[in-house]
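> What would the 3D arrangement of this be:
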Amino acid sequence: MMPKVYEGDQPYIFVSYAHADDAVALPLIDALMAEGYRVWYDAGVEETEDFPDYIADHVYGCASFIMLVSGSALGSVWCVQEAKYAFKLNKRILPIYLEDVELPRGLDLCIGTKQAMRWYEYESDEAFYKKLFKARRLEDCLTSEGRRRRGVQPRSGARQTTETRVRKEAVRIVRSAGVAKRDSLGAYSWTELKEISRAIAVAGSDAEWKAIAKEYRLVDKDGKLQGDTKTFKLADGADASVRILGFRHDELAGGGVAGISFEFAGVPKMRRMNAKWTNAGGWKDSDMRRWLNGDRGGFLALLPEDLRTNVVEVTKQTNNKGRVSEGDTGAVTDTPDKLWLLSMAEVYGKLSGQVEWPSWLLAVYDAEGTQYQFYEDKEVALSDYGSCQKRGADSWWWLRSPDAVGSYSFRFVLSDGDWDCWLADYDRGVSPGFCF
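Okay, here's the model as predicted:
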């Protein structure tokens, strides 16, 4: 059986190896675990479009990094990239040579100067393991039982979790990725914003992510969003601009949180919610959702490539039934979306306490998310909604919330920022949100 990988928040070793070396690598991983080390390795994860982020996140979070160096490993793009990324993040690296090989210049720059172990030179595996288990670079990754068994005392600061260490390094890592401080949101490239978003995503408290956001001038000195925008052109030549909605607000469809959520600051397009005047199936089954997220011929395809490739899929909650009656359950369900329209609750906040509707009806709307920081900072409510105004193709813009007491309409924002509902087959403004 494959050794079980470690997926907790304590310091762990990332073991990088070529699968052609399984016969050597898996017993080594077994031995490390038996000795009391926490270990993560690629246990045959299917390579999908999210695979690079999945691997990078585990290199990003590790305390120590072992590379099993062999001809097969040097021929593996993944092994080489993992080692270079570990070097970039200043991880504790221990190269273990399985055979006598010459490193390519780029990899030699990263790990060639590191103190290494040459397994093939040891007289026995027992002698090799005895030396390996004395490596100081791995001690932080011992479990408490492993420490007791070996009589190892934790070094100063070694008790902090991997997440704590990563949070403290967040700004440094963003800087190491080449992200310099800019004067405004619009001055950053999409790739730079993605790097900042990744750092914010691992923050453990409001104070920590605000420190990063302030460092890169995404919020003001009080930590508030003022609506600073980044402008660009869509593929059809139309002008567009986006602003930050909030931080650590949306859950990634694959687990974890997105660091930054954005929305279009204007209304670049018009579109109907459905071909017919019905809200049956809610947002999940709407023509609008299919058009927004369609790679070909949809709104997603209109985004510049360097923006489109950085957008991540998040989970949105919506009334996906449409008309709801008292006693109905399960109307609000999840959908995975790269592009989405905002809900009533995400713009105006919880409706409970703002309108005198039946409690069961309020519960449906209030389950569709929580108010984004931008609208909260602007003190938007059902009675004070001027900051919801947008200009563009149509200053009336759709929300994804169906009219929960009718069968034909979805909610939308009027030109003055107030809200109402309208028949689903009418063209209204489209102002999507997305996440990094």
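
> Can you tell me how far the residue nearest to residue 227 when sequence neighbours are not counted is from residue 217?
What sits nearest to residue 227 in space, not counting adjacent residues and going by Cβ to Cβ, 6 or more residues apart in numbering, is residue 243, at 5.3 Å. C-betas here are computed from N, CA, C, even on glycine. Distance, residue 243 to residue 217, using Cβ to Cβ, to the nearest Å: 14 Å.

> Next, show the common contact partners of these two.
Here residue 243 and residue 217 have residue 185 as joint contacts, going by Cβ atoms under 8 Å, 6 or more residues apart in numbering.

> returning to what we had before: could you look up the SS state of the residue nearest to residue 227?
strand (DSSP: H, G, I helix; E, B strand; the rest coil).

> can you tell me which residues contact it?
Residue 243 touches 185, 225, 227, 228, 229, 230, 262, 263, 265, 374, counting by Cβ under 8 Å, 6+ apart.

> can you give me the helices for the stretch 151-300 of the chain?
162-176, 190-201, 206-215, 287-293 (DSSP state H, counting those that start in this stretch).

> which helices and strands sit right next to the helix or strand following the shortest one?
Using DSSP states H and E, the helix or strand that follows helix 287-293 in sequence is helix 305-308. Under the contact definition 3 or more Cβ pairs under 8 Å, 6 or more residues apart in numbering; DSSP states H and E, helix 305-308 sits against helix 190-201.

> May I have the helix it packs on as CSV, with CA atoms only?
The C-alpha trace of helix 190-201 is given here as CSV (Å, rounded to 0.1, in the frame of the first residue of the first chain):
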residue,chain,number,x,y,z
TRP,A,190,-2.9,40.2,-13.4
THR,A,191,-0.1,37.8,-12.5
GLU,A,192,1.1,40.1,-9.7
LEU,A,193,-2.4,40.3,-8.3
LYS,A,194,-2.6,36.6,-8.4
GLU,A,195,0.6,36.4,-6.3
ILE,A,196,-0.7,38.9,-3.8
SER,A,197,-4.0,36.9,-3.6
ARG,A,198,-2.2,33.7,-2.8
ALA,A,199,-0.4,35.4,0.1
ILE,A,200,-3.6,36.8,1.4
ALA,A,201,-5.3,33.4,1.1
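
> Can you spell out which helices and strands pack onto that helix?
helix 162-176, helix 206-215, strand 260-264, helix 305-308.

> quick one: that helix to strand 260-264, angle?
With axes from the mean of the first three to the mean of the last three Cα atoms, to 10 degrees as the basis, helix 190-201 and strand 260-264 are set at 130 degrees to each other.

> who are the neighbours in contact with residue 335?
Counted by Cβ under 8 Å, 6+ apart, residue 335 has contacts 283, 284, 289, 315, 316, 318, 320.
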